[in-house]
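[1] would you be able to build a 3D model of this:
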Amino acid sequence: MRDFRMEIVRNGVPIGKLFCRSITIRFDSTSEVMRGMRMEMNADRYDMGRNGELSFDMFTDRLRPVLIEDGTEAALGLFTITTATESLAETGRYYSVEAYDETMLLKQAALQNRTYFAQGASYIDVITQLLTDCGLVNISADASSATLQIDREFAVGETYLSIINTLLEEINYDPVHADANGFIVLKAKEQKQTADFVYSDLRDFKLIGEIQKDTDVYQKPNVITGVLSNPSETPIIYTEVNDDAESLLSTVRRGYEVVKVIKYNNIASAAELEASVKAEMLDAKQETETVNFVSKVEAGHEYGSTVQLATNLIEGLYTEKSYEIQIDISSARMRHTAERRRFI
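    Here you go, the predicted model:
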């Protein structure tokens with residue numbers, strides 16, 4: 001049996017629940033703030049349970065939708081309200097609410113003074129300090145020994161989100177994001193080879209529309225050069241060449257070079273430069289195949305989640321790029337967009 005609950009969370013502790021007419025939860029791995037939620041809630045009714053002396057504070061409390069599957073509970077995100085539009089109907093007074101995960105605080109916060117970090121400082125320590133400056137202390141971070149190679153200074157007006165993502169890119173980490181439990185995640189990039197979710201029974205999922213392939217053969221490079229330069233050191237250059245005779249895009253098969261030069265102002269080390277260029281070349285050797293499908297609502301879908309699709313039309317391992325969960329009084333479903341990269 002499947003059910004849902006919308007919790008009111010204060011200082012990390014659930015203190016009550018809301019009554020909602022509809023809920024839509026979105027996740028988009030290409031957005032700066034990846035998790036968002038829209039919902040319609042009753043403006044005059046909420047249940048504070050044993051905390052009856054408390055009242056719901058719309059703009060300081062957090063919201064946590066919870067999926068209950070056969071008695072097992074799982075969070076679907078932790079959200080802060082950004083807008084609430086009031087509407088009146090014969091059935092009562094309602095709010096149409098827009099909410100986002102707490103990385104929105106990083107997007108809204110900007111430097112009010114020029115900020116300096118010294119050469120040799122740990123990247124993870126610097127990023128963690130920026131997060132805590134914004135009040136975000138629940139952090140899940142992969143370990144890294146990378147340190148700043150030069151003194152760094154950021155200008156007034158730069159957002160905390162842009163600074164953090166700049167630093168994460170320099171150590172080959174994913175963009176900063178929040179997981180379903182509200183933790184801020186700092187994670188090294190990885191190429192998954194196994195599936196987090198498997199969809200093989202057509203009773204459990206349904207393809208939507210056409211399977212699309214994007215192959216920009218003429219623009220894809222077969223030579224990529226990364227150049228790291230800063231004022232205090234000799235430039236470091238690393239070049240990766242696709243000379244694989246099996247690849248349609250290679251210098252061998254094409255008979256000519258298509259060159260892409262990437263200039264890095266800062267990166268953690270020569271090893272990170274090489275890793276970044278290799279990742280760019282891996283991307284350049286592949287085409288993108290996109291598929292959309294609907295399934296029952298499930299918890300556990302995070303940034304970089306992989307799905308195995310198996311039907312007579314499609315078979316393969318895909319990376320989930322976005323999803324949308326729609327919940328109302330009579331139904332609940334989950335729409336997915338997933339991609340896979342295929343070597344050409």
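[2] and the residue of the chain positioned farthest from its centre, its phi and psi?
    In the chain, counting by CA atoms, centre = their mean, residue 90 sits farthest out from the average C-alpha position, at 39.6 Å. Here is the backbone geometry of residue 90 (degrees, to the nearest 10): phi -60, psi -30.
[3] same thing with residue 252?
    Per degrees, to the nearest 10, the backbone of residue 252 is at phi -70, psi -50.
[4] how many other residues sit next to it?
    Residues within reach of residue 252, counting by other CB atoms under 10 Å, total 14. C-beta coordinates here come from the backbone N, C-alpha and C atoms, glycine included.
[5] repeat for residue 245
    Neighbours around residue 245, by other CB under 10 Å: 8.
[6] quick check, pLDDT for the residue farthest from the centre of the chain.
    pLDDT recorded at residue 90 is 76.
[7] tell me the helices and strands packed up against the longest helix belonging to the chain.
    As assigned by DSSP state H, the longest helix anywhere in the chain is helix 270-284. With contacts defined as 3 or more CB pairs under 8 Å, 6 or more residues apart in numbering; DSSP states H and E, the packing partners of helix 270-284 are strand 223-230, strand 233-241, strand 259-264.
[8] what's the angle from it to strand 223-230?
    Using axes from the mean of the first three to the mean of the last three CA atoms, to 10 degrees, the direction of helix 270-284 lies 150 degrees away from that of strand 223-230.
[9] please enumerate the helices of this protein.
    Going by DSSP H, the chain shows helices at 104-108, 123-133, 160-170, 251-254, 270-284.
[10] just to revisit the earlier point, need the winner for burial among the helices and strands packed on helix 270-284.
    Stretch with highest mean neighbour count among those: strand 223-230 (a mean of 19; mean count of other CB atoms under 10 Å).
[11] for it, name the packing helices and strands.
    Using 3+ CB pairs under 8 Å, 6+ apart, strand 223-230 sits against strand 233-241, strand 259-264, helix 270-284.
[12] for it, C-alpha coordinates in CSV please.
    The C-alpha trace of strand 223-230 is given here as CSV (Å, rounded to 0.1, in the frame of the first residue of the first chain):
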residue,chain,number,x,y,z
VAL,A,223,41.6,16.4,-30.6
ILE,A,224,41.1,18.1,-27.3
THR,A,225,43.8,20.3,-25.6
GLY,A,226,43.6,21.6,-22.1
VAL,A,227,45.7,24.6,-21.1
LEU,A,228,46.1,25.6,-17.5
SER,A,229,47.7,28.9,-16.9
ASN,A,230,48.0,31.3,-14.0
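[13] which other residues reach it?
    With contacts defined as CB atoms under 8 Å, 6 or more residues apart in numbering, strand 223-230 is touched by 149-150, 235-242, 251, 257-267, 270, 273-274, 276-277, 280-281, 284.
[14] with stretch 265-272 instead?
    Against stretch 265-272 from outside (CB under 8 Å, 6+ apart): 123, 146-150, 152, 170-172, 228-230, 236, 238, 273, 276.
[15] just the buried ones from these?
    123, 146-149, 152, 170-172, 228, 236, 238, 273, 276 (16 or more other CB atoms under 10 Å).
[16] can you name the two of the residues you listed that sit furthest apart?
    152 and 238 (21.9 Å; CB to CB).
[17] quick one: average pLDDT of stretch 24-36?
    98.
[18] how about the contacts made by residue 258?
    219-223, 249.
[19] neighbour-wise, which of those leads?
    Result: residue 222 is most packed of the contacts of residue 258 (other CB under 10 Å), 25 neighbours.
[20] so that residue sits against residue 254, correct?
    Yes - using CB atoms under 8 Å, residue 222 is in contact with residue 254, at 6.5 Å.
[21] using CSV, list the CA coordinates for the lowest-mean-pLDDT helix or strand in the chain.
    Lowest by mean pLDDT, DSSP states H and E among the helices and strands of the chain is strand 205-214, with a mean of 76. The C-alpha trace of strand 205-214 is given here as CSV (Å, rounded to 0.1, in the frame of the first residue of the first chain):
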residue,chain,number,x,y,z
PHE,A,205,6.5,1.6,-16.6
LYS,A,206,5.5,3.0,-20.0
LEU,A,207,7.5,4.7,-22.6
ILE,A,208,6.3,8.2,-23.7
GLY,A,209,6.8,9.5,-27.2
GLU,A,210,9.8,8.7,-29.3
ILE,A,211,13.3,7.7,-28.4
GLN,A,212,15.5,10.5,-29.6
LYS,A,213,19.2,10.4,-30.6
ASP,A,214,21.5,13.4,-30.9
